[in-house]
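> Next input, structure requested:
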Amino acid sequence: MLKIFIAFVIFAAISLYVISLGGDNVDMGGEKHGVDTSHSAPAPAAAPAAAPAAAPANEAQPAAPAAPEKK
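Residues are numbered from 1 along each chain as shown. Okay, the predicted model is just below:
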């Protein structure tokens, strides 16, 4: 039981240290849905068009049997 407690304390200390490295830009608010989801600059208005999706190479082939059938 003592080993579990010591491991938890060490894990908590490492976690707090890593979070403190982020400074004031760590967002602990969870998932964001809506207009202000990011603090970065807005994307440019004239973004290049995405490339068209590639056509499938072949039709799907049936899977080979895992082992030869015994007769």
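> Mind telling me what element Ala66 is part of?
Using DSSP states H and E, Ala66 falls within no helix or strand.
> Would you map the helices across the chain?
2-21 (DSSP state H).
> low pLDDT regions in it?
35-62, 65, 71 (pLDDT under 70).
> how about 80 then?
22-28, 34-71 (pLDDT under 80).
> Can you report how many residues lie near Gly23?
7 (other Cβ atoms under 10 Å). Any C-beta I mention is one placed from the backbone N, CA and C, and that applies to glycine too.
> for Met1, what are its contacts?
For Met1, the contact set (Cβ atoms under 8 Å, 6 or more residues apart in numbering) is empty.
> That one and Ser15, how far apart?
21 Å (Cβ to Cβ, to the nearest Å).
> cool, and Ala63?
Ala63 is 45 Å from Ser15, by Cβ to Cβ.
> Settle it for me: which of these two has more neighbours?
Set side by side, Ala63 and Ser15 show more neighbours around Ser15, with 10 against 6, by other Cβ under 10 Å.
> ok, the more buried one - contacts?
Contacts of Ser15 by Cβ under 8 Å, 6+ apart: none found.
> State the distance from it to Phe5.
Looking at Ser15 against Phe5, where the rule is Cβ to Cβ, the gap reads 16 Å.
> do the same with Ala64
54 Å.
> Who has more neighbours out of the two?
In this view Ala64 and Phe5 are compared by other Cβ under 10 Å, and Phe5 has more residues nearby, 9 against 5.
> The nearest residue to Val26 once chain neighbours are set aside - how many residues pack around it?
Ranked by Cβ to Cβ, 6 or more residues apart in numbering and with sequence neighbours excluded, the top spatial neighbour of Val26 is Ile19, at 6.0 Å. Per other Cβ under 10 Å, the neighbour tally for Ile19 reads 11.
> was I right about Ile19 contacting Asn25?
No - if you go by Cβ atoms under 8 Å, Ile19 and Asn25 don't touch, sitting 11.3 Å apart.
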